[in-house]
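A.B. asks: Next comes the sequence, and after it the predicted model I'd like to discuss.
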Amino acid sequence: MEEHLESDLTLDPVKHTVALPSFTSYQKFVIAILALLNFTIILDFMIISPLGDLLMKKLVMSTSQFGSVVSAYAISAGVSGFLTAGFADKFDRKKLLLFFYSGFIIGTAVCGFADSYISLLIARIITGVFGGVVGSIGMAILTDAFTFHQRGRVMGFISMAFAGSQILGVPIGLVLANQWGWHSTFFMVAGLAFMIAITVVLKLQPLTSHLSMQRDKTPLQHLWHTIQKKDYRIGFYATAMLSMGGFMLMPFTSAFIVNNVGIPQANLPIIFFCTGISSIIIMPIIGRLSDKVDKFRLFAAGSTIAMVMILIYTHLTPVPIWIVIIINMILFMGIMSRMVPAQALNSAIPEMYDRGAYMSINSSLQQLAGGFAAMFAGLVVVQKTKTSPIEHFDWLGYVMVGIILLCLYLVYRMSQMVKRNERKVA
């Protein structure tokens, strides 16, 4: 277990409070580069849905074919995570990151050249195979470069990439698509990612400390030993439950707001923009809180807020847009108050020599669980016509509350494991 779980905390003699360890200039660079990597990966994933209408018309795709294009990324990313897990701790993390990020850039560029359903489907599979692993390598780098009591703040900043994609990425991508065609959106993402990759080549230091600690002779043996560890499996279960909760409402949120709540389609960007702005303010606060207070208590508080707001949200009737915006903001605050401390706790579970494999399996489970949750939601909700209300949306709310309660237990187990290992180090 990480040797500096507690030793990085100091006591401020003037204020009589715990002083959090500050970041070095290089650590600030690592935070920025990981946030930018996350931004491009999330934007590439999120931009598909807003482009759906254009893609279906231009490439003559049915709704089921478009669904296949969307799910192709998640499924290929999930499979890729498992296949690469055994190799993830066998190489310098910088080289591994550049390899998979280069594949992601190529896959995104190929999406821009696609001229048919089949070519776009293949391009999304390629993008998923490489892009789905980048996040797990980034988490391994984060864990290597930052102490346990810095990771909450780091996760808070890096998670702002989601807000950035909502506020900047998606609107800019849609403007480009309307002006120069949908191809230009993918070229924009690929171009930005290429510049980030050049910065990684020039500025990011090699990360090789884990190489001298390797005990397994083959990648398959390393994968098996990682899966076999009981403590690790608790982290895997928690990750899967967190992802299922997040993906269950997302695919049908826009349809529910338009058809059930009565908000015009043209006003949806306002809701997402306001949610994104609020998250930019909220995320650093949650990240800092995660390093100052007990992470499980913050997670429990966020879970309570999320459960209450989910039940309110899934039972909404026609209301003014400002009420929807406020509910969205509070709901997102609850969700992120869960994600940041849970991810920080999860980062403390694997040993250094297992981090790459552990994070790859985690990423794979995230993608697969999210895909399963979206498929489950599609089987539960019903819309009889394109303009009729979404039925059984409230059922998803009840299921999500059950998942959150189960996740509370799993994250509590994670928290106890981390504290137990802290006592061993002390």
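C.D. replies: Arrived safely.

A.B. asks: Now do stretch 78-93: distance from first to last residue.
C.D. replies: Using C-alpha to C-alpha, to the nearest Å, the end-to-end distance of stretch 78-93 comes out at 20 Å.

A.B. asks: Report the rounded mean pLDDT for it.
C.D. replies: The average of the pLDDT scores along stretch 78-93 is 75.

A.B. asks: Likewise for stretch 375-392?
C.D. replies: So the average pLDDT for stretch 375-392 ends up being 75.

A.B. asks: and it, how far from the chain's centre?
C.D. replies: Distance, stretch centre to chain centre, for stretch 375-392: 26 Å (C-alpha atoms, centre = their mean, to the nearest Å).

A.B. asks: Buried residues in it, which are they?
C.D. replies: Within stretch 375-392, the residues scored as buried using 16 or more other C-beta atoms under 10 Å are 377, 381, 383, 389-390. C-beta here means a position set from N, CA and C on the backbone, and glycine is covered the same way.

A.B. asks: Next, please give the residue ranges for the helices of the stretch 151-300 of the chain.
C.D. replies: Ranges of helices in the stretch 151-300 of the chain, per DSSP state H, counting those that start in this stretch, are 151-158, 160-164, 170-180, 183-203, 219-228, 230-249, 253-259, 268-292, 295-313.

A.B. asks: can you check the stretch 1-150 of the chain too?
C.D. replies: 25-46, 52-58, 63-85, 93-113, 117-145.

A.B. asks: most tightly surrounded among those helices?
C.D. replies: helix 117-145 (a mean of 23; mean count of other C-beta atoms under 10 Å).

A.B. asks: what helices or strands is it leaning on?
C.D. replies: Counting by 3 or more C-beta pairs under 8 Å, 6 or more residues apart in numbering; DSSP states H and E, the packing neighbours recorded for helix 117-145 are helix 25-46, helix 63-85, helix 93-113, helix 151-158, helix 321-347, helix 355-380.

A.B. asks: Which positions in the helix or strand just after the last one come out as buried?
C.D. replies: Following helix 355-380 in sequence order, the next helix or strand is helix 393-425 (DSSP states H and E). Residues 393-394, 396-397, 399-401, 403-404, 407-408, 410-415, 417-419, 421-422 are the ones in helix 393-425 that count as buried (16+ other C-beta under 10 Å).

A.B. asks: distance of M336 from T147?
C.D. replies: 22 Å (C-beta to C-beta, to the nearest Å).

A.B. asks: which of these two has more neighbours?
C.D. replies: Set M336 next to T147 and count neighbours by other C-beta atoms under 10 Å: M336 wins out with 24 against 21.

A.B. asks: Show the contacting residues for the nearest residue to that one once chain neighbours are set aside.
C.D. replies: Closest residue to M336 apart from its sequence neighbours, by C-beta to C-beta, 6 or more residues apart in numbering: I286 at 5.6 Å. Contacts here follow C-beta atoms under 8 Å, 6 or more residues apart in numbering; on that basis I286 touches 152, 156, 298, 302, 333, 336-337, 340.

A.B. asks: cutoff 7 Å now
C.D. replies: By C-beta atoms under 7 Å, 6 or more residues apart in numbering, the residues touching I286 are 156, 336-337, 340.

A.B. asks: Equivalent analysis for Q65, please.
C.D. replies: Residues near Q65 by C-beta under 7 Å, 6+ apart: Y117.

A.B. asks: Is the residue nearest to G235 when sequence neighbours are not counted in a helix, a strand, or coil?
C.D. replies: In this structure, G235 finds its nearest non-sequential neighbour in I349, 4.6 Å apart by C-beta to C-beta, 6+ apart. Three-state assignment for I349 (DSSP: H, G, I helix; E, B strand; the rest coil): coil.

A.B. asks: For I349, give me the pLDDT.
C.D. replies: 81.

A.B. asks: isn't it right next to R233, touching?
C.D. replies: No: using C-beta atoms under 7 Å as the test, I349 is too far from R233 to be in contact (10.0 Å).

A.B. asks: Show me which of the two is the more surrounded one.
C.D. replies: Between I349 and R233, counting by other C-beta under 10 Å, I349 is the more crowded of the two (25 against 14).

A.B. asks: mind listing what the more buried one touches?
C.D. replies: Neighbouring residues of I349 by C-beta under 7 Å, 6+ apart: 231-232, 235, 414, 417.

A.B. asks: Report the contact partners of the closest residue to G138 other than its chain neighbours.
C.D. replies: Nearest non-adjacent residue to G138, counting by C-beta to C-beta, 6+ apart: L34, 5.0 Å away. For L34, the contact set (C-beta under 7 Å, 6+ apart) comprises 138, 141-142, 158.

A.B. asks: Give me the mean pLDDT for stretch 31-40.
C.D. replies: 86.

A.B. asks: same deal with stretch 277-290?
C.D. replies: 78.

A.B. asks: rewinding a little: can you put the helices of the stretch 151-300 of the chain in JSON lines and add distance to I361?
C.D. replies: Below are the helices of the stretch 151-300 of the chain laid out as JSON lines (distance: least, C-beta to C-beta, whole Å):
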{"stretch": "helix 151-158", "distance to I361": "19"}
{"stretch": "helix 160-164", "distance to I361": "22"}
{"stretch": "helix 170-180", "distance to I361": "30"}
{"stretch": "helix 183-203", "distance to I361": "24"}
{"stretch": "helix 219-228", "distance to I361": "7"}
{"stretch": "helix 230-249", "distance to I361": "6"}
{"stretch": "helix 253-259", "distance to I361": "29"}
{"stretch": "helix 268-292", "distance to I361": "23"}
{"stretch": "helix 295-313", "distance to I361": "21"}
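
A.B. asks: ok, and which of the ones you listed has the densest surroundings?
C.D. replies: Most buried of the helices of the stretch 151-300 of the chain by mean neighbour count (mean count of other C-beta under 10 Å) is helix 151-158; its value is a mean of 26.

A.B. asks: so that one versus helix 117-145, what angle?
C.D. replies: With axes from the mean of the first three to the mean of the last three C-alpha atoms, to 10 degrees defining the directions, helix 151-158 sits at 150 degrees from helix 117-145.

A.B. asks: Now do the same contact list for I281.
C.D. replies: By C-beta under 7 Å, 6+ apart, no residues touch I281.

A.B. asks: And G235, how close does it get to F272?
C.D. replies: Remark: distance between G235 and F272 (C-beta to C-beta) = 31 Å.

A.B. asks: cool, R413 as well?
C.D. replies: Counting by C-beta to C-beta, the gap from R413 to F272 is 35 Å.

A.B. asks: Isn't V411 up against F299?
C.D. replies: Yes: using C-beta under 7 Å, V411 makes contact with F299 at a distance of 5.3 Å.
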